[in-house]
Each structure stands twice: as C-alpha cells, then as structure tokens.
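J.: with the input below, show me the fold.
(chains A, B, C and D)
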Protein chains: 4
Amino acid sequence: MTLPSCTCPAPEKRVCSWPSASYTDSSDDETSPRDKQQKNSKGNGDFCIKNIKQADFGRREIEIAEQEMPALMALRKRAQGEKPLAGAKVVGCTHITAQTAVLMETLSALGAQCRWAACNIYSTQNEVAAALAEGGFSVFAWKGESEDDFWWCIDRCVNVEGWQPNMILDDGGDLTHWIYKKYPSMFKKIKGIVEESVTGVHRLYQLSKAGKLCVPAMNVNDSVTKQKFDNLYCCRESILDGYKRTTDVMFGGKQVVVCGYGEVGKGCCAALKAMGSIVYVTEIDPICALQACMDGFRLVKLNEVIRQVDIVITCTGNKNVVVREHLDRMKNGCIVCNMGHSNTEIDVASLRTPELTWERVRSQVDHVIWPDGKRIVLLAEGRLLNLSCSTVPTFVLSITATTQALALIELYNAPEGRYKQDVYLLPKKMGKGFFSFTVVNQLKVLMNRHRKICQEL
Amino acid sequence: MTLPSCTCPAPEKRVCSWPSASYTDSSDDETSPRDKQQKNSKGNGDFCIKNIKQADFGRREIEIAEQEMPALMALRKRAQGEKPLAGAKVVGCTHITAQTAVLMETLSALGAQCRWAACNIYSTQNEVAAALAEGGFSVFAWKGESEDDFWWCIDRCVNVEGWQPNMILDDGGDLTHWIYKKYPSMFKKIKGIVEESVTGVHRLYQLSKAGKLCVPAMNVNDSVTKQKFDNLYCCRESILDGYKRTTDVMFGGKQVVVCGYGEVGKGCCAALKAMGSIVYVTEIDPICALQACMDGFRLVKLNEVIRQVDIVITCTGNKNVVVREHLDRMKNGCIVCNMGHSNTEIDVASLRTPELTWERVRSQVDHVIWPDGKRIVLLAEGRLLNLSCSTVPTFVLSITATTQALALIELYNAPEGRYKQDVYLLPKKMGKGFFSFTVVNQLKVLMNRHRKICQEL
Amino acid sequence: MTLPSCTCPAPEKRVCSWPSASYTDSSDDETSPRDKQQKNSKGNGDFCIKNIKQADFGRREIEIAEQEMPALMALRKRAQGEKPLAGAKVVGCTHITAQTAVLMETLSALGAQCRWAACNIYSTQNEVAAALAEGGFSVFAWKGESEDDFWWCIDRCVNVEGWQPNMILDDGGDLTHWIYKKYPSMFKKIKGIVEESVTGVHRLYQLSKAGKLCVPAMNVNDSVTKQKFDNLYCCRESILDGYKRTTDVMFGGKQVVVCGYGEVGKGCCAALKAMGSIVYVTEIDPICALQACMDGFRLVKLNEVIRQVDIVITCTGNKNVVVREHLDRMKNGCIVCNMGHSNTEIDVASLRTPELTWERVRSQVDHVIWPDGKRIVLLAEGRLLNLSCSTVPTFVLSITATTQALALIELYNAPEGRYKQDVYLLPKKMGKGFFSFTVVNQLKVLMNRHRKICQEL
Amino acid sequence: MTLPSCTCPAPEKRVCSWPSASYTDSSDDETSPRDKQQKNSKGNGDFCIKNIKQADFGRREIEIAEQEMPALMALRKRAQGEKPLAGAKVVGCTHITAQTAVLMETLSALGAQCRWAACNIYSTQNEVAAALAEGGFSVFAWKGESEDDFWWCIDRCVNVEGWQPNMILDDGGDLTHWIYKKYPSMFKKIKGIVEESVTGVHRLYQLSKAGKLCVPAMNVNDSVTKQKFDNLYCCRESILDGYKRTTDVMFGGKQVVVCGYGEVGKGCCAALKAMGSIVYVTEIDPICALQACMDGFRLVKLNEVIRQVDIVITCTGNKNVVVREHLDRMKNGCIVCNMGHSNTEIDVASLRTPELTWERVRSQVDHVIWPDGKRIVLLAEGRLLNLSCSTVPTFVLSITATTQALALIELYNAPEGRYKQDVYLLPKKMGKGFFSFTVVNQLKVLMNRHRKICQEL
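T.: All right, here's what the predicted structure looks like:
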C-alpha cells in the first residue's frame, strides 16, 4: 500500500506513547495483529486488534470510566429511547481508550453503527480495543502500530463492502485527510465532520478558506465546554501527575519557570504554587501577563531565570520557546518539559549533536549530558507531558465526549440548509432542546454527590 | 429648578455613601456650598465645592493616587507632546475622587478643557474637589448633595455662557440624560459619549435600539481591560476590606454562602477560601456552576444552607436573590451584604415592616431585630458593599480610567464615518497605535517593579 | 502625685492608638474626666470615665462582642451556678474594649468583684467604659490619658478604703509593678497574678529569678491556646486589614518582603500570597527558613530585594531589622510596617534627622521624604500595625480571655501548696475538670454553626 | 532455620509493595538469590541480591538521588576528611532504595564498614542493591523475599566470622529484635542503636521501661527535622501522587473526608483543597479540630458524610477509624485509603466475608463488591498509601537520612557517660558543632538554587 502524499503528517501525535491502564500488559506475543485471525465469542471477526482474550480486563476499565462520565451516561439514558442516531454510520479515528469506548457505546445506544481506528500509533489501550471487538465493534487499532499499520487501519474502517459512512468523527484530521485523498466520492453521502483537535480544526478552516470543504464540520475544540474545563482543570492535575510519574521529584521549594499564561499555564502555575514551588512566568500577551502578576507570579524573561530554575515548562503554543542557547545555560539536573500544543516548543532537534550524550533513564525520561558532565532531564522528548506521561481525568473527558456526541446528533438531524459547507461551533440551543446538556449533566451528578437534587437546571 | 421627568432615577447610586479618604473631615460648617462665594488662589471662582481651603490635603491624596496609576501617568507623559485632545471640551459626571482627579488632570495635559459634576450625591471627596478647583478646574460637587443639588451641579457644568461641550464622559447616564432632556441641540457639536457603568451603557443601548442615539458612544464597561481585572481582582480584595471595616468579624472558620459565581463571585470566593472560611456557592448558569465545583466550592441551593451560614453575600446581578423568607430563617447574628450590580439583590424593602426593629450600630451597619430578639446584620442597606464600605484599589481604577481617556481620544480624533450613531467597544488597534496601551503600561510598571525592562511589549 | 521610678516604661504600648469601635465619637468635650463628677443611673459614682451618657452605645458593642466569644459565654453559663470566684477581689489592668467587658462581666457572674484600669493610654473604648460604669463596675480609664492620668487610674483601683484585691489580672505588668512599688504589703492577701503579655511575663520571670516574686503567677501568653491561634490566624487577617485601612493599596501584583517566618510571618505570608502578592522571606532560623521554602516563598537577604519591593513587613521579634541604610535604598512609595513584638524592629529613630521631612498624611500614616523627593510610607511609626491600625478578631480574643478567666479560677481555688512563688503555665487538667475547656467551647460553637452537636468533645 | 518467637511481627510493613524505580524490571529469572553464586567485578561475593548485572542501572538511580540529597552530600564532603566513623561497624536494616544507598555510601566515606538487610520484603530496589554489591557493600536483600528469606538476610548481616557490629541502624526494630533473641552477647560491643520508625521507637521505649535496654538508643523518628518536614510536606505531595497512580481519578469537584488533622492530615487537606476538592475533616483533639476550622475545613463526624463522599482518607494514628458499618454505607465507587501510621485504621478484615467479592483491578487496587453491585475501591489493602503507591520525595528523605548519620556519629563518638541505657533525641548541639547541620545544608542548597550564598547560617 502506498501512503498518499500527505502534506500534514502531524508526526508528534503518532510517536507519543500513551499511558496504558494496564501496567501488567507484558505480553510477549510479537506477531502483528494484521497476521492474526481472531474472532469474538459470537464468531464475528471484523476487527483487528492485539488480543481478543484481553476483553474482560478492558470491560472493567470501561466500567470504571463510566462512573466518571456522568454527562455521557446521562445522554445515553435520555436519548436511547428516541435513538437520534438511528441510521447513522459513523467512522471514527480517535485515541482508543476506555473513555472513547464509553463514547462509542453511547453512539451505538443512540442508534449509530460505528467503525473505528486509532489516531495515534501508541495510544491504544489494547484491552479496551479487545472489549470493543468482543462487544461487536469493528475496531482496527493496537498499541505500537507502524506508520504503515496506521494508514492500513484507517483504510479498513472506510474501505468496506456494503457499508459507507455518513458521519465522520475525527481527532487530528488524518481520517478526513485519507477520505479526501482516496475516496473523495464518499463525501456525497456524508452529512458532516466532527473534529476535536486544534490541528484538525486548523486543517478544516484551511479547507474551508480554500473552498474545498464539501460538507459541514463541527469544531468541538473551541466549544466553551472544552476550552473552559479541559485546559485549566486537566492541566492543573496532570502537570503534577506527569512530573511525579517520570521523576519522583519534590515540588516544595523548587524554582519553576512556566512559559505562557494561557489556560494551560494558569493550571500549571496554580498547581505548582499550591505545592510550594516558587513560580516564574514568561508571557508576551499583555492581558495574560497582567493576570499572572495579579495572581502573584513574578513576570520574567526566560533569559533572566534560566540559570537558576529547577524546572522549565512550556505552554505557549509557539515554536522554539526553549532553544539550545537556553538549554546550554540551564544548571545541572534541570528538568524540561512541554505542556503546550505541539512538540515544537522545545527545540529538541538542537540537542541531537555529537558532543551531547543521550541516556534513556526511564520510560519517557532522557538525560542529555554535556561534555562537562551537566545533565538536563528531558521528558517525553519534548512532546506533550500530559498526554505522554500522565492520564487525562475521565471526568473532564466526559464533557468533551458528550460534546462530540451532541455534535454528531446535531449534524445528523439538522434540517436541510441549516449548515453549509463551513466550520461551525455547536449551537447553544439545539433542535431537541439539548441546551447546555453536557455541562448540566456533569453538574447534576456533582449536585447529587452533594446529596442535592438540582431540579431546575 | 424643576427636575426633569426622569425615567431612570438609579436611586441606588445616589444614596450610597462613599468612603472618604479623609477620616478627619469633621467640619461643622453647615452652609450649603451653593450659598458660598469662594475663589481659588488665582482669583478664579467658576466652581462650587465644600471648602477651597482643603485643597492642600486633596493635592496630597491626588499625588498618592498618581503613584498607583501607572498606565494613566504613562499616557499623560507619552501623549502630552502631541496633545490629542487639543480643542476638546469635555463635560464629565463621575465619582469625584483622587483617581478621577488624576484622570481629569491627564485629560487637561492632553489638551482638553473640562467641566465636572459628581455622579453620586455622597461619593465626592471634598478635599479632592478643592484641589481640582484650586488647580483651575470647574468642579461642581460636594459630599452630601441633595437631589436638587445633584441636578443643579450637572446643569452648571453644561449651561454656561461661551462654552459648549463637544465630548461627554459619563458614569451612570445622568449627565447624558440631562442634556437629552434639557439641551438636545447641544448634541450637534458633540462628537461622542464615553460611558463607564452598566446602567449607563444599558441606557445607551436602549436609546440606540429606539433610534434615538444621536452621537457615537463608547462602552467602557464591557472592555476587556475592565471585565478581566476590575471585577475579579478588585472584589477579591474589597470583600475582605468591606467586611472588616464594618464588622471586624473574623473570617477563619466562618460559613459563608456566595450567591453567584461570575467574576465578582469568583473573587469573593477565592478571598474567603484563602482566609479560612467554609464557602458555599449558589449558581444557576451551568458553566459557572461547574467551575465552582472544580474550584472546590460546594454547590448548594440557598434554602439548604440559609439556617446555618454566618455570612450571606449576593453577587448574581439578579433581583430578589435574598428575600424575606430567607431573612426570616437566618440565624442570629448572620451578616448579609451585596456585592452585585445593584441594590435589588437583597429585598431590603421587605424588612421595613412594623414588627422588625432597625438599629443603626455603626456607619453602614444596621441591626434588624426580630420580635424574638434575633438580629440580622445588614451592611450598606443592601447597596454595593465594595462601593459603600471599602475603597476600590487605585491600581485597578487606573486601567479603567486609562480606557476612558483612550476612548475620548479615539472618538475625538476618529475620521468622519468611522463611528456611527451607535454604541461601540474600544477597538484593539487605534488610529495612533495605542494598541493595548493601557494594559501594557500597567505591565511595564510591574515589570520595572520586578527590576526588569520589558522592551518588546 | 509622683511617678515611681519605673524601670520598665514599655513606652511603645502606651503611645499607640487603638482603633475605636465608635468612629462617630467626635465629642468636643475637653474637660478631663478627673475633673468631672459623674454618677450612673443607680447613683453610684465610684468610677472615672469620659462620659457616662455613652453607656447605651457601649452596651451594644458588648453585645456584639458576646456573639463572637463563645468560649467565654459558655464558661459564664457553665460556672455561674457554682460561682468559683465567689469572694475573689480582682484588680485588673488591660485594654478596655468590648471584649474585655465580656471578660469582666463573666468574672462578675462567677462571683468576683472587679476594679479596673487601662493598660494603654489610647486604647480605651470610652463607650464601653461607660457601659461598664453604668453596670456597676469601678472603671478608671479613658482614651487619651496623660502619663500622670495613667498611674492615677491604676492607683484609684488599688488604693481604696475597705477593699483590698486578692487577685491581679495584668497586661504588661504596670499594675503589678505599681503594687510592688507602692503597696508591697498588699501581696500578703493576694493569691496570684495572671499576666497576658510578653513584656509582663518577661518581668515576672525576672522577678522570679531574682527571688522577688512573692505570689504564684500564671503565664497566659505562652499557653498553647494563645500561641497556636492568636499569632497565626489573627495576623493572617490583620495584615490585610491594617494595610487597607491605612493605605487602600492593592495587594495583587505587589512585591513584598516579610522579615521573619515564625507564626506571625507565616500568617502574613499566607494572606499576601492568597491576595496575589509576590512574597519574599528573610529568616535566620534554619527550621523556619526551610519551612518558608517548602511553602513556596523565595528566601532572600533583605539587602538583595530592598530596592525592588513595594512593601516591607517586619515580624522577627528582633531589634533593628530594618535600619536607615535599608530605608535609604528603598524605592519611592515603599510602604514599611511592623507586625512583630515591639516598636524596635524598624529603626524609626534613624529617620528623625534634619534632611528628612515627615508629613502626616492620615491617621497612623507618615510620609518620610528624602531630599530628592523620594517618599517612604511609614505605618504607625513602626509600632504594631495589627494593634494600631486594625482590630483583633473577637473570636480569637475569646480564646485568650477564657484562658485568663480559667487561670484566675485555678489560682484562686488551688489548694495550699499547689503553686509556689513562681511562674506557671495553665495546667491541662484543672481541679474542676476544665481540661481544654476553652478550645473545646469555641469548637462546640463552630460545630453548632455546622449544625452538628459535638457531644464527645 | 527457626523463626524466633517474635512478639512484634509488624506484618504491615513486610507485605507492602514498594514502588520500584525500575518499571522495566520484568526479569523472568525465578531462581532464588539464595541459590545463586554471584561475584562483583572485583571478585567479591559477600552479598546476596537478585542480579549483579543490574548494577549500572542502579548506579544511575543513586546518582539521581544524590542530586536531591544536599544535606547528606554536604555532610559527606565536610566530614570525610576527619572520618568520624573510622572503626565503626554498622549493621543496618532499612528499605533498600537509592536514597539508602546514598546514606550507606556516606557512612562509608566517613569511615564506617556496613552490612545491610532490608526491613521490608517488597521494598528493595534490586538494581540499587546490585550497585551497592558492585561497590563492595555486603547487602542481603531482594524484592519479594519470603518471611524466611527476610530473617535469613538479617542473620547473614550479623552472623559472620571475624566481624562484629558496634553500631545498629534500624527501621522497624526487627534487626534489633533479632540480635536480642539470637546474639544478646553482641550488645557488649555495641555502642548504640539508631532507630527511625514509630514502631521501632515504641519497642525501644518498652525495652527501656522494662529495664531491658542495654545500650543507648537514638530516636530519629521524633526529631524536629523529621516531624516538621517528613509528615506535612511529603504527604502533601504523596496523597496526590498515590491516588493518581492507582486510580487516575480527578480531584476537582470531588468530596473528600480526611480523618485526622495532625501533620499528615494537614498535608493531605492542603493538597486536596488546592486541587479543587471539597474537603471535610473529622478530628477529636480540640486544638487540631479548631485549626481545621480556621483553615477552612468543615468539621464533621464520619457518619454525617459517609454516604456522600467520593474519597475517604484515614490519618489518625488510631485503630478502626473506618469500620464495616461505614463501608456498608459508602456509595458506589467510593475510594478508601490510609495515610496514617499503620494498616489498622481501616478495618480491612471486616471485608473478608463471603457475601463480598474482591476483584484486583490493578496493582494495589481492589474492588470490593457488595451483593447489590456496589463497588468500593480499596487502595493498598489499607496499608500506607504513600509507601505503597507513591514515592517519598528524595529531598525530604535527605533530611531524615542526614539525621540518622548524625545520630550514628554522635553515639559513636560520645564520651563515656554522656548516654546511658535509654532512648534519646539527637541533641541540638553536638560535640563537633554539627548544630542544625542537616537543615542548614538543605537550606544552603535552596539558597544557592536561589543564586544566593547564605554564609551566616
């Protein structure tokens, strides 16, 4: 199979390693899933995964996730009678995790048929994929796919006899890209695209601008539910989690510089301040910079503090925030990581020079050693710490997943003409009165947790 | 003089009492300023204030304020050479405080002529008014004006021989209203209105909607600089300040319910949490409610906690949030106050019944006593605690005042046709390149405070 | 009358100005209370105060205080049946405030007779003194006593025909000192001394060491209830309160150096951090210094940051922490204050030189002006900010006052021989089973506030 | 070999599983180390460990640890010239981790000979043990020892020809116990015992009380350096770390009850509050309870909130704080763990009944399932979460390890008669002027981190 001449490889996402729920998965089976013949207990074999025998373990992970996804479970309960996705044929390409499984099973309960591939070659939880296959889903994904495997799996989702998707749920745009390149005629039957990532949304806007977008698309990434919760509250927790799992370092008394004071930076700074770190902030947007000041963080330029800090965190969304010159000046033992949008904030390439020695000390942890013996601790090779080295809280993923489901419902049921060949944000009031459904349901659960019934919400 | 048939009396603002910087002002002079003949040291008598002899004290207050208004002082320094307000005749109606004086003297340095009245019958700092009069400003204001005085002062600002305003700077809309009612022809020469308050902006939008707005208007209230800083950061400090000054109560261990989790509520909650209070939140907007949960506040309905809390704070922006039924159920000693948008959040009128006894125990503090002896402590009679019982930090007022000045500059210098008879937000990029000037300059000062020079900003 | 040759004048305490609850007390009556003849409504005239007519206002202040003094009120209720102080004749010398009045009325309810003077020439709340006199207490105190008045009042408490004290309640040691000098034979009947202040306790230990202490004494200052709560939790609130009332300064974004990280410093730092200040700490004790680091404060030497900070706070307990050299290097507008044990942490005397100009800008606020125009803002002339410029929370005073009452009960009822002529801490288990009574009762109230009954405590 | 009739099995410690630095250690070698013949590169074979080939990996872990143990490294540097432990023969029994290795190599640098066993059958880092063996230390320990192995290893440390210990470094008291039972005559040459744990110290005090302690002992557990830092600051971080690694749960919005508000509870509460949890506290000590209130936590009884909370954490130091009745009333999904002193705070035994199903879902995570399907998530089977499921920050261990080293130095060099057959705390001033050495050196490093040299400390 030949790879299409893809102009947007988003390589960062496909080489990162996803934390598997199963630390015990030390299967020595080295046979490629593509070479195996597996069937689930009902005799169905329309899937390609690591090992169908892991289904029970995966089912437990899914059940655990369900408990932390109240909005999605409430949507499933509320809408499964009317089946708003009856007739929908959804092809999906996302991280394949327990949380995604809850989403897929919700879509199924609402009437949809699903075929699914992974959007990342490392992030698949094999046990969850097994549970999905056992449950009858056509899943094509495993942890540690090759580049070739990656596109092969996507192709298997769409290129199937007697079945043609009418909805796309994408995360990163690779699936959409593949259909554009290989099966453009499929778009005739497709009612819309739901896209979750920054990168994928960016691609869609480019297509739209170029007049090449041929179906309506929903931008989930910029929905208020995602922006207000995902970045701030997730990162507040995952910065601590990611650091501890990789380095076991103590936060108390450490000097930290956080580059960027957007939502991600705000979350990181709040967490580290609470743990007793001394936090400096660099920021070029004046509004955010003044917020940093008012929140009690000393505003600096990176050069001013680079020699003295113990930890450097990038979350600006820009390129080359930390460059070789900074790395040269850091002190021995300084830990460097990225929480921003891509793998380009730290100029990792500049460290691939002969005089520097790289030593892999743990999974996701490299020591880069200077000729004089100075060691810099680089996490996840500059990729996203929160994706590579910590887990994303299920509770927050629930909001995003529900928004994805609502976007599918809206696009699938929208009357002719409501949406054109453009990129949209989810409307606040949907046809079926789902206004603020997603947040309201998380809230109801929290209220019930507080032993209160929140009737008027 | 007859009062115009004013449909929008905004009585709340005009009866509140403003904290005077001068606690020693116990002048026993009871003569009305309107009956006095005063002249400043240069022989000018075109003003009407309490006592010109207080000018020195007022000057010192203005100098203190200048140190905390870096953005405004920087604007003054930067623009006084080119005098972007040369020829501008500004009539203003705002609180007359040291901070306003810094604004007025900045406008003057940029070339404007100013005549000024108070937007509130209690908020004038007499010493500051004296210093302004001594400095040559035509000020008509004193603390404790009557309703009649209030309109008389406004009239003296606009109804003057040989001078006609071409710009309006208003706070609350009373000045604008007066000119509409009494001197509508003046609008022929007026280039625009700058309005700072929620109420005044609301009136302008109503005028605009009714097709009656005859000049462009700038809405300063909704500018990002005001929204992002004024509410959150000011209220975080003034909730503590206002409570202490009125009740000396300890925050540690107190149970508090905060009604509303917008920017004001977020500020109040953060401050009280930090001081060791146990904070509950009521909120009906699902996004804000979920934020409250994620920030660690227990979400409740007011009825659930009304019997047990020590302090009740309203900041919803709605009417009748705390009603008589709630007040009846509060425990002895419960303290009730309002930090929201108006004096209507607490139904104070419902407490004016024969069986309840009111006792004024301190300035701005009433005990309302039930037949069984239970006392509720009501602050500022339900008006805004932060305006009535604390001071607003000068540093934050600096941002707002600079925005007002920039709005005047923009409207005054805008080329024909840029602004129509509508309400506008200040553009991010202004004609003279003042982009983000206001925030950037606060920032520069903060950076210098940090001994850093922030050149690229 | 001649002053005794007092070796320990504790001048700091006697010149400080106490915040009066009554901001409206602008009485122009300049007659000295010593020259007035006043009687209360029952015809009793054995007191000397400002104005008996203010009794009603004072009574209200006492009632407000009672609501925040749960431990003391519970002790009153619990012990008034058995009257453990029946026969006790207590002479007291403390700040005369609403909180003290609650203590005095509790002692009276437990059976004691009381005569009382002020321990500070400025701290008396005249209205409270009036309410006490109206209630039958022999009080000798007013705000603004002269040095001569001070000792005259103390003398009137003890030098009275037909009444001799058998218990002393002192705050600062002046009363004890006076009896030692003038009426040493009185100690024959005195069963013990209860002393609350650092200074007074220090004097007692000196007496004890010199073999001159002739009765047992209770050291209330070092009781766990005072140490654990008074310093940390009070100062956390009063640092904010004191600054706001004097300067109206915004805390957000300010750079602050706190000298000393004991309980007081910990309280100040926590509050300022929460308000968004950037806080530096100086500390020489290694344990406290490491705590500061672990709590997220940057540890510095004063010299390193003195040029850049906006606010300097001393709370080391040492002398000359901030000296002229530091003051010379501070930037324009820097605010300096003391939260530590005495008025000696800031070398204020060094600022009394001809080239510097002092300007009193508000009560308790001086601008000290350098020849080049630089102004330093000095609060309370270097005396304790929390005593001079803010109020101490009644709730915490309740713990201390209850401890004082328990100490009196213990000393008065102790069997012969339990206490010798030495200084003691209050025992954890008292004769009457009052173990932890004071804290437990505050707690019970808090628990009831939480609508819980805490029976087993 | 027969086990001695040990009355104090401290079973909790020996069954817990220690987080290994090496997640990659999936060696399939099942041969018992006791059956292997291994030699290090210099031909020395006086050790018994898992696999000498892992030495390089272990060395790297030790080097990483050195960077976070400034006090210990400074002691090594400062004292290695004078060799204060020359002639010392130390037998040790502790967790064998990278941090212990830094301690052992420090003791060696100061002149001591060391033989070492593990105090816990699961906590040994095999790679570190290999590095120590390669470096010439006689180490007898591996991860996953049997009970028999455990005592065999201890015996191999002490029962060796031509070598007799003169110092004991113990953690838990098992080594001390063994020597008492089997080789009591050894105590003739032993100069002292240094004990680190609560349990071990408790045993020593019992021995001392019974008149059976035959050498001096140092109680490291109660040293100020351990109490002030280890509990508060470690637990503040490890509560978050332990929860995330086991459950990936989100903290924001969760309702948590923390049982006990000592140093451990204070650390847990502070961390959870900062992460946005709603925290309740149970506490029976009145001082601590009032502190909890003043710190903003709602004080409750466990019964009042047990139905509604998401997370239950015990840290009281008492037995049976959470019993079956509580567990029966918890809601589905409630997570339960212990951060207190032992494995007895949660009555785990009460869950071993036929109607409940246990399901091991991850390492250290059990689901206990009620007949109605309700699942309780039990972490580490009620053992210490921070030891079982998170790592202890090296930086804080550095303080404790330095205190252990100083205690050895003090006991070994103390002149005849300074210490009797009793249990002592480390004196503040030691013979060689090491006053506060441990904290001071951590501090120096922090100061240097802050680019400051702190000379006078």
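
J.: any idea how far the residue nearest to A:F57 when sequence neighbours are not counted is from A:C235?
T.: Setting aside the residues directly before and after it, A:F57 is nearest to A:E127 in space (CB to CB, 6 or more residues apart in numbering or on different chains), at 4.4 Å. In short, each C-beta sits where N, CA and C put it, glycine included. Distance from A:E127 to A:C235, counting by CB to CB, to the nearest Å: 27 Å.

J.: then A:K188?
T.: Distance of A:K188 to A:C235, computed by CB to CB: 41 Å.

J.: which one of these two is surrounded by more residues?
T.: A:C235 (29 against 10; other CB atoms under 10 Å in any protein chain shown).

J.: what about stretch A:274-288, how long is it end to end?
T.: Distance between the boundary residues of stretch A:274-288 (CA to CA, to the nearest Å) amounts to 20 Å.

J.: buried sites along it?
T.: Applying a neighbour-count criterion of 16 or more other CB atoms under 10 Å in any protein chain shown, one finds A:274-283, A:285-288 buried in stretch A:274-288.

J.: and chain D, which of those contact it?
T.: Contacts with chain D within the buried residues of stretch A:274-288, as defined by CB under 8 Å from any CB of the partner chain: A:274-276, A:278.

J.: now intersect these with the helices, please.
T.: The helices, defined by DSSP state H, take in A:A274 from those.

J.: can you tell me which of the ones next to chain D among the buried residues of stretch A:274-288 is nearest chain C?
T.: Using CB to the nearest CB, A:G276 is the member of these that sits closest to chain C, with 4.2 Å.

J.: any idea of the pLDDT on that closest one?
T.: pLDDT for A:G276: 95.

J.: how much space separates it from A:C334?
T.: From A:G276 across to A:C334, the span is 19 Å (CB to CB).

J.: what do you get for A:Q38?
T.: A:Q38 is 47 Å from A:C334, by CB to CB.

J.: next: A:F187.
T.: Remark: distance between A:F187 and A:C334 (CB to CB) = 50 Å.

J.: neighbour count: those two, which is higher?
T.: Looking at A:F187 and A:C334 with other CB under 10 Å, you find the greater number of neighbours at A:C334, namely 23 against 18.

J.: now the more buried one. Nearest residue, chain neighbours left out?
T.: The shortest distance from A:C334 to any non-neighbouring residue, by CB to CB, 6+ apart, is to A:I376 (5.6 Å).

J.: wait, the residue nearest to A:F57 touches A:G58, no?
T.: Yes: using CB atoms under 8 Å, A:E127 is in contact with A:G58, at 3.5 Å.

J.: buried ones in stretch A:366-385?
T.: Across stretch A:366-385, burial judged by 16+ other CB under 10 Å covers A:366-369, A:374-385.

J.: what is the burial count for the one residue in the stretch 51-200 of chain A that gets nearest to chain C?
T.: Taking CB to the nearest CB, chain C has its nearest neighbour within the stretch 51-200 of chain A at A:P70, 27.9 Å off. Using other CB under 10 Å, A:P70 has 21 other residues around it.

J.: which residue ranges of the stretch 351-457 of chain A form helices?
T.: With DSSP state H, counting those that start in this stretch as the definition, the stretch 351-457 of chain A shows helices at residue ranges A:385-388, A:394-413, A:437-449.

J.: alpha carbons of the second one, as PDB, please.
T.: Taking Å, rounded to 0.1, in the frame of the first residue of the first chain, the C-alpha atoms of helix A:394-413 are listed here in PDB:
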ATOM      1  CA  THR A 394     -12.000  10.900  32.800                       C
ATOM      2  CA  PHE A 395     -14.400  13.400  34.300                       C
ATOM      3  CA  VAL A 396     -13.200  16.200  32.000                       C
ATOM      4  CA  LEU A 397     -13.000  13.900  29.000                       C
ATOM      5  CA  SER A 398     -16.700  13.300  29.700                       C
ATOM      6  CA  ILE A 399     -17.500  16.900  28.800                       C
ATOM      7  CA  THR A 400     -15.600  16.700  25.600                       C
ATOM      8  CA  ALA A 401     -17.000  13.300  24.600                       C
ATOM      9  CA  THR A 402     -20.500  14.500  25.200                       C
ATOM     10  CA  THR A 403     -20.000  17.500  23.100                       C
ATOM     11  CA  GLN A 404     -18.800  15.200  20.300                       C
ATOM     12  CA  ALA A 405     -21.900  13.100  20.600                       C
ATOM     13  CA  LEU A 406     -24.100  16.200  20.600                       C
ATOM     14  CA  ALA A 407     -22.300  17.500  17.600                       C
ATOM     15  CA  LEU A 408     -23.000  14.200  15.700                       C
ATOM     16  CA  ILE A 409     -26.600  14.300  16.700                       C
ATOM     17  CA  GLU A 410     -27.000  17.900  15.600                       C
ATOM     18  CA  LEU A 411     -25.300  17.500  12.200                       C
ATOM     19  CA  TYR A 412     -27.100  14.200  11.500                       C
ATOM     20  CA  ASN A 413     -30.600  15.600  12.300                       C
END
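
J.: return the distance of it from the chain's centre.
T.: Chain-centre distance of helix A:394-413: 14 Å, with CA atoms, centre = their mean, to the nearest Å.

J.: show me what it is packed up against.
T.: Identification of packing neighbours for helix A:394-413 by 3 or more CB pairs under 8 Å, 6 or more residues apart in numbering or on different chains; DSSP states H and E yields helix A:70-79, helix A:98-109, strand A:167-170, strand A:192-195, strand A:217-219, helix A:224-226, helix A:437-449.

J.: out of those, nearest to chain D?
T.: Closest of those to chain D is helix A:437-449, at 5.5 Å (criterion: CB to the nearest CB).

J.: what sits closest to A:K42 if chain neighbours are left out?
T.: Nearest to A:K42 is A:G136, by CB to CB, 6+ apart, at 7.1 Å.

J.: typo on my end, it should be A:V224
T.: Closest residue in space to A:V224, ignoring its immediate chain neighbours: B:I287 at 6.4 Å, by CB to CB, 6+ apart.

J.: pull up the per-residue confidence for that neighbour.
T.: 83.

J.: that one belongs to a strand?
T.: No: read with DSSP: H, G, I helix; E, B strand; the rest coil, B:I287 is helix and lies in no strand.

J.: now for the helix or strand encompassing A:L175, which elements pack on it?
T.: Element membership of A:L175 [criterion: DSSP states H and E] is helix A:174-182. In terms of contacts (3+ CB pairs under 8 Å, 6+ apart), helix A:174-182 is packed against strand A:89-94, helix A:147-158, strand A:167-170, helix A:198-209.

J.: which of the ones you listed is buried the deepest?
T.: Ranked by mean neighbour count, these are led by strand A:167-170 with a mean of 27 (mean count of other CB atoms under 10 Å in any protein chain shown).

J.: show me how far that strand is from its chain's centre.
T.: Counting by CA atoms, centre = their mean, strand A:167-170 is centred 15 Å from the centre of its parent chain.

J.: can you get me a residue count around A:G333?
T.: By the measure other CB under 10 Å, the count of residues near A:G333 is 17.

J.: check contacts around it.
T.: Listed by CB atoms under 8 Å, 6 or more residues apart in numbering or on different chains, the contact set of A:G333 reads A:310, A:375-377, D:67.

J.: and the pLDDT for it?
T.: 89.

J.: SS state for it?
T.: Once three-state DSSP is applied, A:G333 turns out coil.

J.: quick one: it from D:Y419, how far?
T.: 39 Å.

J.: and what of A:A74?
T.: Separation of A:A74 from D:Y419 (CB to CB) stands at 67 Å.

J.: just A:N338 next, same as before
T.: Per CB to CB, A:N338 is found 54 Å from D:Y419.

J.: out of those two, which sits in the more crowded spot?
T.: The residue with more neighbours, out of A:N338 and D:Y419, is A:N338; 30 against 19, by other CB under 10 Å.

J.: phi, psi of that one?
T.: Phi and psi for A:N338, reported as degrees, to the nearest 10, are phi -120, psi 130.

J.: and A:T314, by the same measure?
T.: phi -100, psi 130.

J.: could you check the pLDDT of it?
T.: pLDDT at A:T314 comes out at 97.

J.: which residues touch it?
T.: A:259-260, A:321-322, A:337-340, A:345-346.
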